[in-house]
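Enquirer: what follows is a predicted structure for the sequence shown.
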Amino acid sequence: MTDKKKRPVFSLLAILLLVLTALAFAACGDSEPRTADPASGSATSDAGESASGGLSASLDGAGATFPEPLYLEWIGEFTQVVEPGVSVNYQGIGSGGGIEQFTQGTVAFGASDAPMTDEEVQTAAAATGSEVLHIPTVFGAVVLAYNLEGLDELRLDPDALAGIFLGEITNWNDPAIAALNEGAELPDTPIQVVHRSDSSGTTAIFTGYMEQISEQWASDVGAGKTVEWPVGLGGQGNDGVAAVVQQQNGSIGYVELSYALESGLSMATLENAAGNYVEPSLESTALAGEGVEFPDDLRFSLSNSSADQAYPIVGATWILAHGPMEDPADAEALQAFLTWALTDGDGVAQELGYAPLPDNLQELALEKVDAIGS
Amino acid sequence: MQSEARTLGDVAAGVAPAAIENRTGIGRRADSLFGLLTLVSGSLVLIVLGFMVVSTTNTALPIFSSEGLSFVTSSNWNPADGNYGILAFIYGTLVTSIIALVIAIPVSLGIALYVVEAAPRWVRGPITYAVDLLAAVPSVVYGLWGVFVLLPLFLQPAAALLSEYLGFIPLFAGPPSGLSYFGAGVVLAIMVIPIISSLSREVIRTVPDADRYAAYALGATRWEMIRGAVIPRSRAGIVGAVMLGLGRALGETIAVALLVGSATRIDPSVVRPGYSMAAVIANQFQEASGDHIRALVGVGVVLFAITILVNMAARLMVWRMVER
Amino acid sequence: MGRSPSPGESAGAKVSDINSARPAGRRLWTNRLASAAMLGAVLLAMIPVGLILSYIFAKGMAAMSWEFLSEPTPFSFRRAEGGFLNGLIGTGIMVGLATLVSVPLGILAAIYLQEYGRGLLANLIRFFSDVMTGVPSVFVGLFVYTAFVLPFGFGAVMGAAALAIIMLPIVVRTTEEMLKLVPLELQHGSFALGASKFQTIIRVVLPSALPGITTGVLLAVARAAGETAPLILTALGSLTITTKLIGEPISALPLLIFDGARNPFAAGQERAWAGALELLALVLIFTLLARIVASRSKISS
């Protein structure tokens, strides 16, 4: 008798499990793989059915979160419309992680907001026996997103910016900020600095700029994908920093332009090298490329551009690839993807707040894409 | 109402056919085989625990030997430069847990004492259910709720108030942040209150009523009765309950990862951001590789060592209490 | 439970009135203050209970839809479409596997402790299963990572292994408590009929303790379903629906909520709230079932 009373519980459990599994099998048929596994390093199997675009391959990539929104859109459109036989998986794990994975050969391509150092290039080249290619994809601005009730516009000059991030300016109504923002009602609210807690190319771009504008920054903190922050709290990834800024009143943090735009955060207007206050925008980002001489290996810096109306904190972001790649089918697929992204992907890039490469650089980048195959 | 206590008739119906099988001797062999099977399963707990220690320590060994003692005495954590000092994380874990206990102990004891000693009978059930409900909420839900609800509603204003009025004490110096040791500690407190209060409740219940009436007979008020009769009798058990709460707080990962502020720094002020051992593992694991992963495993080994000591102490205390 | 301190209390007050007039006021006030503090503690604890339930329900329902329940996560958190089906399936698979492994092993271990185990070994097992319930779940994840993920890669089986290790000591200890409550006469009766120990345990002891064991299992399932940290290190997470058990990262509801909690995009945050509602509902259903089973069984009370 007692047995009868107990059974329903077990049957319920069993049914629940059955339903779940059944659902799983029913639903998995029509979904395409969209995400990569960043760390397992398992060899990718060709998931593609017969390809209407002709190519068939499955590529894993990992790295910077700075261009992640754009790469995901590019991948979505490329694999769904242009080459349905190709699947590309991209995981935004930070530039540091991207370079590591690329060096270890667990991903077909890496992505980083900072070019690899000479040493990193040598290690990666030695590991695979092929050349390391830096292929710039877009320019992006690192903006200072802030969250302060009642303040829609904020102007900062290099001194004030360095003061805030060095922990010397700790309150929003500090005279140094007030002097730059006449007429603005600055509340008596403590400043909460937000920085990246992971290894990041965005950090490299930002700290690289800080090093250029502040001697004290250069000597006390320095530049790199991770630094020892004098003040502030950390967020994981660009989205993490944007989330923390959004959550805390009185906070200011650096994120990639598109993250600030998408999450509706206010952005500071900065004084550039020419002495003009420039709002972060697509145009002011693109202007940073004016008059820059690009070296042969395409490892260059756009920071603190001298152009008149250029936004000062701009970086390029790179895809890292081997030239030539081991697997010809993978190579062909990656070439097709990058060629498409660098030319037809311009529109998507602009929609998301990234500046496409200037024409001369685009040509140089496409030459590097060629080297993936041969 | 059904009856669980089966009658001997049920037993007979259940085992009679089996008893017949026994004459063939198969039953006896099954008996010893089954005994062996249970022994193996029982030992599995010890084997898994041992394997856990060996496997993780082994993975982290290269970092332990290359960093030496500075692994736990340095707070310089910079995976990009190959520096792995975890003192800031140990500090953050301890500070957030202490804050949690400072809040949770009085509240939990208040709840336990109220439910056992003071509450009208009809509210005991609902209070117990409501507090136990807190125990069932997954930590990631606490984290989500903490960041989007508690942070703007309470943590940020409270941190600001603390530093405004008590900021002259380094412990509360600004600039204040809701995402801080304090913020993580408050959410941890909410998470350990059900643990501490339910265990203390059980312990307080074991105090014999005779002790209570003896105190009343001597003219004690209820509070004097609690102080004189209930607390001394259940002290060891309550300490055990607190230690179990501490064990939970030390190892809690997700809620802390979302609320502690993720800043690798030893900050004397509790209203400023920091980090914790469990949080750094959860946050940095996905981007880590090579030595960085080994170092994170090392963080886990140290965390394990701390929590296991706390837990063993707690269990011994609770056990001693129960055995009395 | 049948104690009512109120008569004692009033008597105490009267006695003290006679003994010494001045301290009586203070003693009474201390007593009142203490009572107020106790009640205050209860009310204070009710605030988070109310806030959590109301917010999860309100924000979760606002974002809840059939689409959320029936579709996987879109490839970017910025996108508004999609849901957490991938996480639900992952959670189902991993918790299911973990239950399949940990429940039989846990029950066998408990039988050993109660029916066979004597002396040091049994006490050690008992002690360390207690201790094991306090091992941080993130450490369990690290262990599975070092022992199984490094050689075999991320996947459902790895996540399930971590969850099983978390569930095992819970099942062992609750089952043992339940076995203890089975009346000895039943066993003796069974032996008297000529049954072996094995037969007695399987046919007499276990059925009697079944409701209690079921309660323990359900609570363990609820605990495992809400675990996040160990899954980061073993299942890793994925935005697509996977039913492969090994070699491919798999998602879980808590993982998706965690990602949603630390991203700045409205769409992603809304999904996280709906996911929290879904997860909390699952966990509470299991907890509630456990309570129902427990309250129906006489021996457990």
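Expert: That came in fine, so what should we check first?

Enquirer: quick check, the residue in the stretch 51-200 of chain A closest to chain B?
Expert: Nearest residue of the stretch 51-200 of chain A to chain B: A:Pro190, at 3.2 Å (C-beta to the nearest C-beta). C-beta coordinates here come from the backbone N, C-alpha and C atoms, glycine included.

Enquirer: any idea how far that residue lies from B:Ala160?
Expert: Separation of A:Pro190 from B:Ala160 (C-beta to C-beta, to the nearest Å): 8 Å.

Enquirer: which residue sits closest to the residue of the stretch 51-200 of chain A closest to chain B, ignoring its sequence neighbours?
Expert: Spatial nearest neighbour of A:Pro190, chain neighbours left out: B:Pro175 (3.2 Å); criterion: C-beta to C-beta, 6 or more residues apart in numbering or on different chains.

Enquirer: picking that back up, show the pLDDT at the residue of the stretch 51-200 of chain A closest to chain B.
Expert: As predicted, A:Pro190 sits at a pLDDT of 90.

Enquirer: beta partners of it?
Expert: For A:Pro190, the beta-bridge partners under DSSP bridges are A:Asn171.

Enquirer: so how many other residues sit close to it?
Expert: Applying other C-beta atoms under 10 Å in any protein chain shown, we find 19 residues neighbouring A:Pro190.

Enquirer: wouldn't it be in contact with B:Gly178 here?
Expert: No - using C-beta atoms under 8 Å, A:Pro190 is not in contact with B:Gly178; the gap is 11.3 Å.

Enquirer: if I pick residue 186, what's in contact with it?
Expert: Picking chain A for this. Residues in contact with A:Leu186 (C-beta atoms under 8 Å, 6 or more residues apart in numbering or on different chains) are A:151, A:172-173, A:177-178.

Enquirer: my bad, chain B
Expert: Residues in contact with B:Val186 (C-beta under 8 Å, 6+ apart) are B:99-100, B:103, B:150, B:154-155, B:158.

Enquirer: same check, this time on C:Glu71
Expert: Listed by C-beta under 8 Å, 6+ apart, the contact set of C:Glu71 reads C:81-83, C:85.

Enquirer: same thing but 10 Å
Expert: Residues counted as contacts of C:Glu71 (C-beta atoms under 10 Å, 6 or more residues apart in numbering or on different chains) are A:27, A:31, C:65, C:81-86, C:241.

Enquirer: low-scoring pLDDT stretches of the stretch 201-350 of chain A, where are they?
Expert: Of all residues in the stretch 201-350 of chain A, none has pLDDT under 70.

Enquirer: can you give me the strands in it?
Expert: Secondary structure of the stretch 201-350 of chain A by DSSP state E, counting those that start in this stretch: the strands cover A:233-235, A:251-256, A:266-267, A:269-271, A:277-278, A:314-323.

Enquirer: counting contacts, what elements does the fourth one pack onto?
Expert: When contacts are defined as 3 or more C-beta pairs under 10 Å, 6 or more residues apart in numbering or on different chains; DSSP states H and E, strand A:269-271 packs onto strand A:131-147, strand A:155-156, helix A:158-166, helix A:201-213, strand A:277-278.

Enquirer: mind putting those in JSON lines, mean neighbour count and distance to chain B included?
Expert: Shown next, in JSON lines, are those (neighbours: other C-beta atoms under 10 Å in any protein chain shown; distance: least, C-beta to the nearest C-beta, whole Å):
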{"stretch": "strand A:131-147", "mean neighbour count": "25", "distance to chain B": "11"}
{"stretch": "strand A:155-156", "mean neighbour count": "20", "distance to chain B": "18"}
{"stretch": "helix A:158-166", "mean neighbour count": "21", "distance to chain B": "11"}
{"stretch": "helix A:201-213", "mean neighbour count": "26", "distance to chain B": "10"}
{"stretch": "strand A:277-278", "mean neighbour count": "18", "distance to chain B": "26"}
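
Enquirer: which one, of these, ends up nearest to A:Leu261?
Expert: For A:Leu261, the closest of the helices and strands packed on strand A:269-271 is strand A:131-147, at 8.8 Å, according to C-beta to C-beta.

Enquirer: off-centre distance for the helix or strand encompassing A:Ala365?
Expert: Following DSSP states H and E, one finds A:Ala365 within helix A:359-371. Relative to its chain's centre, helix A:359-371 lies at 21 Å (C-alpha atoms, centre = their mean, to the nearest Å).

Enquirer: grab the CA positions of it and hand them over as CSV.
Expert: What follows is helix A:359-371, C-alpha atoms only, in CSV (Å, rounded to 0.1, in the frame of the first residue of the first chain):
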residue,chain,number,x,y,z
ASP,A,359,41.4,52.2,-48.2
ASN,A,360,45.2,52.0,-48.1
LEU,A,361,45.2,49.8,-45.0
GLN,A,362,42.4,47.6,-46.3
GLU,A,363,44.5,46.7,-49.3
LEU,A,364,47.5,45.8,-47.0
ALA,A,365,45.2,43.7,-44.8
LEU,A,366,43.8,41.8,-47.8
GLU,A,367,47.4,41.0,-48.8
LYS,A,368,47.8,39.4,-45.5
VAL,A,369,44.6,37.4,-46.0
ASP,A,370,46.1,36.0,-49.2
ALA,A,371,49.1,34.7,-47.2
